[in-house]
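Participant: got a predicted model here, sequence first, then my questions.
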Amino acid sequence: MTHPSSSFSTIRLKPKSNARAIRHGAPWVYDNELVMDRRTKSIPAGSIARLEDEERRFLALVAVNPNSRIVARVLDRDPDAVIDQTWFEARLSVALAHRETMFDQPFYRLVHAEADGLPGVVIDRFGDTAVVQPNAAWADVMIEPLCAALAKVAGLRTVVMNGTGRARSLEGLEEKTDILMGSVDAAIPVLMNGATYMADIMGGQKTGLFYDQRPNQAFTQRLVNGKRVLDVFSHVGGFALASLASGAAQAVSVDSSASALALAEQGADAMGASDRFVTRKGDAFDVMAALREEGELFDVVICDPPAFAPSKNTVEKGLRAYERVARMAAPLVKEGGYLGLCSCSHAADLDTFRGACNRGIGRAARSAQLIHTGFAGADHPLMPQLAESGYLKALFYRLMP
């Protein structure tokens with residue numbers, strides 16, 4: 001659906017709100033920064049509007065959702081822009097050019113929301129298939145032109161909409177998963193860092209595979225040749241399969257999901273590494289406690305848990321959980337071995353996450369060197385004006401004799 005700019009509703013910043021931040025690239029406007037009168041509150045979720053400052057000067061075309069704390073998301077700073085399939089094609093072409101520069105195979109995050117100029121939209125590519133997460137109301141409304149543009153620009157056969165997760169609930173959107181184009185018959189094999197991963201794009205977590213850990217898995221590969229590796233919160237075999245691809249003597253995957261571990265086993269089998277791969281299903285903390293009781297030790301231990309601190313009001317609880325992970329994982333590492341600790345919680349910044357990990361290692365009576373700090377890959381660009389776009393952190397320690 002397209003509209004001339006003159007037909008858009010207008011929303012306005014309150015007096016003394018920080019219009020300069022919007023002019024300098026900030027992508028969001030919160031409800032407490034806007035004049036939330038009856039007219040603004042009545043704008044249908046997903047509509048496009050003109051954002052003005054308190055003196056009625058144009059700032060940007062924005063997507064509006066009065067049901068969200070983030071009422072306005074900046075789409076374009078051109079007042080004459082037309083938000084239609086052609087507009088999507090232009091944004092997607094820019095995003096694709098970067099990924100094709102960085103990767104020689106079509107397996108990557110194609111769109112990383114605000115950082116790629118498509119606020120609230122995540123698109124992961126699996127060859128000629130893509131999974132779209134429309135995590136903002138405007139993307140739900142415009143899913144058809146977005147899908148058509150995506151298929152045209154990237155030459156796709158299949159597009160899946162994964163409308164699940166916390167972000168959609170914060171937007172007041174229902175959960176739904178649908179095949180928008182093409183068909184999905186089975187898990188998709190994904191080649192990454194020499195390993196084979198099986199992505200269940202219809203029934204798996206998020207889009208079916210986490211591309212963000214690619215560089216951190218590559219760093220781990222430098223540590224594992226001929227070694228024994230433990231991958232806790234493994235999902236479909238993330239660090240374990242990467243380790244097997246780089247010569248690990250054995251890799252053990254721990255996860256609470258039987259279906260995720262089954263996909264990990266399929267990946268190991270496709271790599272011809274089943275004889276070196278072991279899975280243990282169960283709560284990660286329970287399994288780590290059991291491994292310690294069994295006297296198990298590993299050369300390399302990696303823990304990549306879910307977001308323990310998904311929002312500011314959960315940071316303290318989340319940091320305690322990260323500290324617990326470090327405290328329970330450290331005793332499982334041999335002297336001189338390596339411990340990798342990860343966080344995908346944007347609300348817990350690098351300093352506080354590192355502090356939690358350091359406390360956990362110390363409370364396990366281990367001493368350590370911090371040897372490497374990792375982040376998400378180049379297909380997950382960080383928007384400088386939006387700290388939330390740089391959520392992933394990975395700390396690698398060497399535990400000293």
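Facilitator: Ah, there it is.

Participant: can you tell me the SS state at Ala356?
Facilitator: Per DSSP: H, G, I helix; E, B strand; the rest coil, the secondary structure class of Ala356 is helix.

Participant: what about it, neighbour count?
Facilitator: 25 (other CB atoms under 10 Å). From N, CA and C alone the C-beta is placed, and that goes for glycine too.

Participant: just checking, it touches Leu319?
Facilitator: Yes. With contact defined as CB atoms under 8 Å, Ala356 reaches Leu319; the gap is 4.4 Å.

Participant: tell me, what's touching these two both at once?
Facilitator: Here Ala356 and Leu319 share the contacting residues Ala348, scored by CB atoms under 8 Å, 6 or more residues apart in numbering.

Participant: which stretches in the stretch 51-200 of the chain count as helices?
Facilitator: In order along the chain, the stretch 51-200 of the chain carries the following helices (DSSP state H, counting those that start in this stretch): 85-102, 137-141, 143-154, 166-170.

Participant: and the first one, what does it pack against?
Facilitator: Which is helix 85-102. strand 107-112, helix 143-154 (3 or more CB pairs under 8 Å, 6 or more residues apart in numbering; DSSP states H and E).

Participant: so which of those is the most surrounded?
Facilitator: strand 107-112 (a mean of 24; mean count of other CB atoms under 10 Å).

Participant: what is the mean pLDDT for stretch 352-371?
Facilitator: On average, the pLDDT along stretch 352-371 is 98.

Participant: can you point out the buried residues in it?
Facilitator: Thr352, Phe353, Arg354, Ala356, Cys357, Asn358, Arg359, Gly360, Ile361, Ala364, Arg366, Ala368 (16 or more other CB atoms under 10 Å).

Participant: hang on, the earlier thing: mind putting the helices of the stretch 51-200 of the chain into JSON lines with mean pLDDT?
Facilitator: Listed next are these as JSON lines, based on pLDDT from 0 to 100:
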{"stretch": "helix 85-102", "mean pLDDT": "98"}
{"stretch": "helix 137-141", "mean pLDDT": "96"}
{"stretch": "helix 143-154", "mean pLDDT": "98"}
{"stretch": "helix 166-170", "mean pLDDT": "88"}
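
Participant: and of those helices, who's closest to Ala26?
Facilitator: Closest to Ala26 of those, according to CB to CB: helix 137-141, at 17.5 Å.

Participant: element containing Asp231, please.
Facilitator: strand 228-232 (DSSP states H and E).

Participant: so what does that strand touch, helix or strand wise?
Facilitator: helix 238-245, strand 250-255, helix 284-293, strand 298-303.

Participant: if we can go back for a sec, and the helices and strands packed on helix 85-102: which comes nearest Ser47?
Facilitator: Once the helices and strands packed on helix 85-102 are compared by CB to CB, helix 143-154 is nearest, at 14.8 Å.

Participant: and the angle for the closest one with helix 85-102?
Facilitator: 40 degrees (axes from the mean of the first three to the mean of the last three CA atoms, to 10 degrees).

Participant: touching, Thr314 and Ala347? I think so.
Facilitator: Yes. Using CB under 8 Å, Thr314 makes contact with Ala347 at a distance of 6.9 Å.

Participant: the residue of the chain most remote from its centre and Tyr211, how far apart?
Facilitator: Relative to the C-alpha centroid of the chain, counting by CA atoms, centre = their mean, Glu55 is the outermost residue, at 38.0 Å. Glu55 sits 44 Å away from Tyr211, going by CB to CB, to the nearest Å.

Participant: same question for Val160.
Facilitator: Taking CB to CB, one finds Val160 at 16 Å from Tyr211.

Participant: look at Gln385 and say how many residues are nearby.
Facilitator: Counted with other CB under 10 Å, Gln385 comes out at 16.

Participant: what's the answer for Gly390, then?
Facilitator: 18.

Participant: that one is in contact with Leu382, isn't it?
Facilitator: Yes. If you go by CB under 8 Å, Gly390 and Leu382 touch, sitting 3.9 Å apart.

Participant: which one's the longest strand in the chain?
Facilitator: strand 333-343 (DSSP state E).

Participant: between strand 228-232 and that one, find me the angle.
Facilitator: 30 degrees.

Participant: partner strands of strand 333-343, parallel or antiparallel?
Facilitator: Sheet pairing of strand 333-343 (DSSP bridges) gives strand 298-303 (parallel), strand 393-399 (antiparallel).

Participant: in it, what counts as buried?
Facilitator: Val333, Gly337, Tyr338, Leu339, Gly340, Leu341, Cys342, Ser343.

Participant: where does this protein dip in pLDDT?
Facilitator: The model of the chain has pLDDT under 70 over residues 1-6.

Participant: how does it divide into domains?
Facilitator: Domains of the chain are assigned by automatic domain parsing as 5-76, 85-181, 188-399.

Participant: one step back: which residues are in contact with the strand holding Asp231?
Facilitator: 220, 237-240, 243, 248-254, 284, 287-288, 291, 296, 298-305, 325, 329, 332.

Participant: alright, calling it a day.
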